[in-house]
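J.: what follows is a predicted structure for the sequence shown.
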Amino acid sequence: MTDPLSVHDFERLAAERVDPQIWCYFEGGAGDEWTLRENRAAYERWRFRPRVLVDVGEITTATTVLGTEVSMPFLVAPIAYQRLLDPEGERATARAAAAAGTIMCVSTFTTCTHAEIAAAAPGLVQWAQLYVLRDDGLTLWHLDEAVAAGCTAVVLTVDTPVLGRRERDLRMEFELPQELPLPYVREVLGEGNDTPASHTPFFSPSVTWRDVERFATHTNLPMLVKGIATREDALLACEHGAAGVVVSNHGGRQLDGAPATLDALPEVVEAVEGRVPVLLDGGIRRGADVLKALALGATATMGGRAPTFGLAVSGEQGVRDVLELIRLEIETGLALLGCTRPAEVGRSHISRSVAYDPRA
Ligand SMILES: Cc1cc2nc3c(=O)[nH]c(=O)nc-3n(C[C@H](O)[C@H](O)[C@H](O)COP(=O)(O)O)c2cc1C
């Protein structure tokens with residue numbers, strides 16, 4: 001194959017290179033993987049309405065998210081265990097995100113500390129993703145570490161009171177190496193059968209809206225809530241002081257049967273009424289996917305698997321390549337839509353694809 005020209009090419013190469021016992025964890029979803037497929041399929045249910053004869057001689061893909069200027073409306077979503085794909089793990093992803101001028105959200109299951117990541121990638125805007133442990137002291141300690149390392153926002157993941165059942169992991173008997181560093185959770189996990197499913201008992205299934213305020217107050221950082229799929233929860237997030245919401249179904253890894261995030265987006269945008277930014281993740285593989293999410297009201301998007309495909313293929317350089325491909329596709333797409341910046345993309349730029357009707 002020639003050099004990878006798209007995120008899909010990176011995905012194919014990554015699937016060839018990574019040990020299948022590890023790859024199942026990164027690729028898979030929950031149950032029948034219907035939601036996983038829907039996340040992708042939803043983009044095909046919308047088509048663009050391009051405008052022409054607009055001066056697009058000067059275009060920028062840059063935009064602002066929570067007051068931070070980013071080079072494009074595509075951020076790096078939190079992904080666990082990155083040293084399974086590359087020895088530098090999150091540090092490689094961080095350097096690539098910093099070079100690309102975008103934000104990286106670091107998982108609670110990171111294999112490098114927030115401080116190590118900050119040191120490896122000067123200039124990176126780092127957010128901390130939070131899973132709430134049953135051990136409140138450790139959760140607060142993790143938050144303190146994130147603040148001390150200079151994280152500028154916390155992303156509370158709320159779609160994981162328990163872990164979705166991921167059959168690919170079970171079938172392939174995916175296990176974490178005992179020596180994998182997990183600085184924010186290793187203390188509670190201990191030794192023994194080390195699978196993601198076996199970690200469930202250490203996480204609090206009792207996190208509620210009150211905790212959003214509690215953790216936000218503890219850090220004084222803006223707190224985004226990740227895993228919103230309905231107008232009801234979008235409204236509650238605003239009422240409880242969330243600084244932003246992320247429409248997400250965890251990449252189809254939690255509730256199989258949950259809607260595609262692009263399908264859930266319009267009702268969340270409507271409920272939020274512009275009070276806070278609405279981010280979306282799930283299935284983004286192309287700049288065109290990002291533009292469709294913007295057209296339906298997202299402020300910006302996040303990518304989970306796409307950057308990891310690059311990481312698996314060629315470490316930091318691979319993540320850089322993936323981020324630049326997506327930025328380039330956003331730039332080209334903006335020009336062809338007749339827009340000069342992300343904020344100009346609106347509802348009039350897309351319409352629902354209509355199924356072919358031979359009688360029409
Ligand atoms: C391998 C893998 C690990 C993930 N780990 C986390 C995590 O630790 N914390 C979290 O909030 N979300 C996690 N997610 C969900 C992502 O942040 C994101 O919501 C999802 O990947 C978006 O879908 P996409 O992969 O199609 O872009 C993970 C997803 C994958 C695929």
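T.: Alright, I've got the coordinates.

J.: pretty sure residue 129 sits in a strand.
T.: Yes - applying DSSP: H, G, I helix; E, B strand; the rest coil, one finds residue 129 inside a strand.

J.: report the contact partners of it.
T.: Each residue near residue 129 by Cβ atoms under 8 Å, 6 or more residues apart in numbering is listed here: 78, 105-108, 154-157, 226. For glycine as for every other residue, the C-beta is placed from the backbone atoms N, C-alpha and C.

J.: how many neighbouring residues does the residue of the stretch 201-350 of the chain found nearest the ligand have?
T.: Nearest residue of the stretch 201-350 of the chain to the ligand: residue 304, at 2.1 Å (Cβ to the nearest ligand atom). Applying other Cβ atoms under 10 Å, we find 21 residues neighbouring residue 304.

J.: quick one: mean pLDDT over stretch 56-75.
T.: In this model, stretch 56-75 has an average pLDDT of 98.

J.: I should have written stretch 178-191 there, sorry.
T.: 86.

J.: how about stretch 347-360?
T.: Mean pLDDT, stretch 347-360: 82.

J.: next helix or strand past whichever helix or strand residue 225 is part of?
T.: Element membership of residue 225, judged by DSSP states H and E, is strand 223-228. Next in sequence after strand 223-228, counting helices and strands by DSSP H and E, comes helix 231-239.

J.: now that next one: buried residues?
T.: Neighbour counts over helix 231-239 (16 or more other Cβ atoms under 10 Å) mark 231, 233-238 as buried.

J.: switch these over to JSON lines; also include distance to the ligand.
T.: Below are the buried residues of helix 231-239 laid out as JSON lines (distance: Cβ to the nearest ligand atom, whole Å):
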{"residue": "231", "distance to the ligand": "20"}
{"residue": "233", "distance to the ligand": "16"}
{"residue": "234", "distance to the ligand": "17"}
{"residue": "235", "distance to the ligand": "21"}
{"residue": "236", "distance to the ligand": "19"}
{"residue": "237", "distance to the ligand": "15"}
{"residue": "238", "distance to the ligand": "20"}
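
J.: ok, residue 261 touching residue 283?
T.: Yes - if you go by Cβ atoms under 8 Å, residue 261 and residue 283 touch, sitting 7.1 Å apart.
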